[in-house]
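Peer 1: how would this look folded up:
(chains A and B, ligands or ions: 5)
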Amino acid sequence: MKKVKVAFFDFSCCEGCQLQVANIGDLLLDILEKIELVEFREVMSERGGDYDVAVVEGSITTEHDVKRIKGIREKAKVLIAYGSCACTGGVNGMKNNFDLEDVKKYVYRDKSDWFNTVPTMAVDQVVKVDYYVNGCPVYPPEFVRVLKCALRGMPYKVPDYAVCVECKFNENECMYDKGVTCLGPITRAGCNSWCTNNGNICYGCRGMVSNPNKNGQKEVLKKYNIPLDWIVNKFNMYNKAKESQQV
Amino acid sequence: MDKYYRLNKPECREFIAGLASKYKVVAPVKKGEKNYVFSEISSPDEIASGYIPTIIPPKKYFFPKRETLIEYDIRAQRQKAVMEYEKLIIFGVRTCDLAGIQCLNMVFSERPRDVNYLIRKNKLIIIGMECWDYCDEHAICGLMDNHQPKGGYDLFFSDMGDFHLIHVNTLVGEEIINSVGVFSPADEKDLEKLEKFRERKRKAFKTSMGVSHQQLKDIFADAEDAKVWEDLGERCLSCGNCTTVCPTCYCFDVIDEINLDFKTGERFRIWDSCQNEDFAKVAGGESFREERKGRQMHRYMRKFKYPLKKYSRYFCTGCGRCSRACMADIRIKETIQEVIKEKGLSNEKAGIS
Ligand code: SF4
Ligand code: SF4
Ligand code: SF4
Ligand code: SF4
Ligand code: SF4
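Peer 2: Ligands and ions are numbered 1, 2, ... in the order given. The predicted structure is shown next:
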């Protein structure tokens, strides 16, 4: 079988998700038998050339980004949105809570005129996305699963049930039993409840399930005496860019 | 005649240690502040005292959350059925969970029989443990009539203060007693004491729900249109906790996964449940149970109505896990109360003619 050419691109993000590739472990060697990496800034310097699969990390935040992602889409046969920033806008979406001019001034001060900026967008708010690997950072086993689907042209379905389901599979003590709130009930599973397994709450990094009961979740959070704006912030941390999912 | 043995408390440690040296033993151990899980132990000290129902019931040993069914090879068009099982002693199973296992046994024995389940079940040895009082405010085992032992175990322990009284229910149980020689046969006095304890227990487990075990089926007989489902539907987050932790929920999904060689792979099953968004979706994306209120109604009917026809028993054991696991405070006790309020116990339903 001819090796499939795969290119990684990054937009606005911390590149932490690309680093997760290194955490794939043993399977990485098997993957490299199937693919040829033609662009990967984290670990290689040469650039350019053709590619079949574009793995896109980061959210779209400038006009230049918009042009660049459109170019990538044209060249790629398959486009994989990789990580929360690409899939939902991620934490970068918080920018959309503020006036754009204010944001620019806050970040670039007196040089703010040198930069242009647009509201944060997930990749699929600009071009068509074929596969999603949610998560901040991505959960390596899920990336492998998605990659297998992409290389075979099979659909991958992101689970549409709550992180709680996996959390219960793992028999974690529920955060709510400890008097701590958690966004697991309205967040899409697929990470094997990574955070709660390690004693953290779920921040909702994988985005919400398709039909979240937001009012119900607000009622639950209210019982913990959390001020309403905190609740909204909790929801928005990873979900702001997707206007359709906005609270 | 039924066979009973006694085991003095100091020797109980010896018994557990002896078991653990011969077999793989799982028992309730503490997890976090308020929770317990069944997990492998190597010493009696690891077993929690005064435990309430574990996060996941012992069904995980009978029907694992994820289980490989088939391994396949596309090139050779070959597939191999996979069966994973091991000999295991499950120590400290409460009567509610014994009832849960009995329910699953009925379901998986139906034709076509679930071979994986049935083979595995034969390798599992169950040692039950009596409760003398409700474990907490969520338990409704009294109402569900699962607070007393009714079989479904190899050995059953009742804590009598300074000793344990052990009922032997199977040959396997008898073998265990014989293989760890710390037991002595129980005498008349021991059995009288047990009867006294049970008498006291009957009082402790009286229900205050205002409905009897028999009446429960009548109030749920036409509860489909009750308004309580709307209220639950508004509050429920569809987190799936209540169904994942329920000892009688047995639904699963079947998934194929190919390996990176793109030639070999496996088919596995994984727990799924009616509270999950995709559960009632069919090809084309149409869902038969789009609304949360319908899913909640279904969950309750699945415990208090439908199984009566099929299996002639309720499928709620009364363990209270669903209430404990719900961050939206949806409580089985309150739901039953609401249904009673709405549907009422008519004279006929109350058995008065
Ligand atoms: S800890 Fe969070 S994810 Fe886990 S069951 Fe509780 S609410 Fe759900
Ligand atoms: S537990 Fe929540 S925050 Fe953590 S990886 Fe999963 S979805 Fe993201
Ligand atoms: S545990 Fe509560 S919130 Fe979660 S699905 Fe069940 S009823 Fe709904
Ligand atoms: S419905 Fe609730 S109380 Fe009844 S068996 Fe299931 S988890 Fe236990
Ligand atoms: S629900 Fe009843 S039988 Fe089960 S542990 Fe609690 S008191 Fe014991």
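Peer 1: For chain B, which residues are neighbours of ligand 1?
Peer 2: With the criterion set to CB under 6 Å from any ligand atom, chain B comes near ligand 1 through B:239, B:241, B:327. Every residue, glycine included, has its C-beta placed from N, CA and C.
Peer 1: need the contact list for residue A:103.
Peer 2: Contact analysis of residue A:103 by CB atoms under 8 Å, 6 or more residues apart in numbering or on different chains lists A:95, A:117.
Peer 1: and the residues of chain B next to ligand 1 near chain A, which?
Peer 2: Counting by CB under 8 Å from any CB of the partner chain, the subset of the residues of chain B next to ligand 1 that neighbours chain A consists of B:239, B:241, B:327.
Peer 1: near ligand 3, from those residues?
Peer 2: Of the entries in those, the ones placed beside ligand 3 under the rule of CB under 6 Å from any ligand atom are B:239, B:241.
Peer 1: picking that back up, okay, and which of the residues of chain B next to ligand 1 map to helices?
Peer 2: With helices taken from DSSP state H, the overlap with these comprises residue B:241.
Peer 1: Ranking by neighbours, what's the top pick from the residues of chain B next to ligand 1?
Peer 2: Looking at those with neighbours defined as other CB atoms under 10 Å in any protein chain shown, the largest count falls to residue B:239 at 32 neighbours.
Peer 1: for the closest residue to ligand 5 within the stretch 151-300 of chain B, phi and psi?
Peer 2: Of the residues in the stretch 151-300 of chain B, the one nearest ligand 5 is residue B:205, at a distance of 7.7 Å by CB to the nearest ligand atom. With angles defined as degrees, to the nearest 10, residue B:205 sits at phi -100, psi 10.
Peer 1: Look up the pLDDT of it for me, please.
Peer 2: According to the predicted model, the pLDDT of residue B:205 comes to 95.
Peer 1: and it, what does it touch?
Peer 2: Applying CB under 8 Å, 6+ apart to residue B:205 gives the contacts B:133, B:134, B:141, B:142, B:147.
Peer 1: would CSV of the residues you listed with distance to residue B:194 be doable?
Peer 2: Converted to CSV, these look like this (distance: CB to CB, whole Å):
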residue, distance to residue B:194
B:133, 16
B:134, 20
B:141, 19
B:142, 19
B:147, 15
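Peer 1: Now list the buried members of those.
Peer 2: Of the members of the contacts of residue B:205, the ones counted as buried by neighbours, 16 or more other CB atoms under 10 Å in any protein chain shown, are B:134, B:141, B:142, B:147.
Peer 1: Please tell me I have it right and the third one contacts residue B:320.
Peer 2: No: under the contact definition of CB atoms under 8 Å, residue B:142 does not touch residue B:320, with a separation of 11.1 Å.
Peer 1: Pretty sure residue B:131 sits in a helix.
Peer 2: No: with DSSP: H, G, I helix; E, B strand; the rest coil as the criterion, residue B:131 is assigned coil and is not in a helix.
Peer 1: With the flanking residues excluded, which residue is spatially nearest to it?
Peer 2: Beyond its immediate neighbours in the sequence, the residue positioned closest to residue B:131 (CB to CB, 6 or more residues apart in numbering or on different chains) is residue B:94, lying 5.9 Å away.
Peer 1: how close does that neighbour sit to ligand 2?
Peer 2: 31 Å (CB to the nearest ligand atom, to the nearest Å).
Peer 1: Remind me which helix or strand the closest residue to residue B:85 other than its chain neighbours belongs to.
Peer 2: On the basis of CB to CB, 6+ apart, the spatially nearest residue to residue B:85 that is not a chain neighbour turns out to be residue B:120, at 4.2 Å. With elements delineated by DSSP states H and E, residue B:120 resides in helix B:115-123, which encompasses its position.
Peer 1: Also residue B:27?
Peer 2: Of the helices and strands defined by DSSP H and E, residue B:27 is found in strand B:25-31.
Peer 1: burial of the nearest residue to residue B:253 once chain neighbours are set aside, as a residue count?
Peer 2: Once flanking residues are discounted, residue B:253 sits nearest to residue B:272: 4.1 Å by CB to CB, 6+ apart. Residue crowding around residue B:272 was assessed by other CB under 10 Å; the count is 20.
Peer 1: What residues does the residue in chain A positioned nearest to ligand 4 make contact with?
Peer 2: With distances taken as CB to the nearest ligand atom, chain A approaches ligand 4 most closely at residue A:168, which sits 11.8 Å away. Residues in contact with residue A:168, defined by CB under 8 Å, 6+ apart, are B:55, B:56, B:240, B:241, B:244, B:245, B:325.
Peer 1: so how far is the helix ranked longest in chain B off the chain centroid?
Peer 2: Using DSSP H to assign secondary structure, the helix with the most residues in chain B is helix B:188-204. For helix B:188-204, the distance between its averaged C-alpha position and the chain's averaged C-alpha position is 25 Å (CA atoms, centre = their mean, to the nearest Å).
Peer 1: Check which element follows it along the chain.
Peer 2: Read in the C-terminal direction, the helix or strand following helix B:188-204 is helix B:213-221, with elements assigned using DSSP H and E.
Peer 1: which of the residues in that following helix are buried?
Peer 2: Of the residues in helix B:213-221, those buried under the neighbour-count criterion (16+ other CB under 10 Å) are B:215, B:216, B:218, B:219, B:220.
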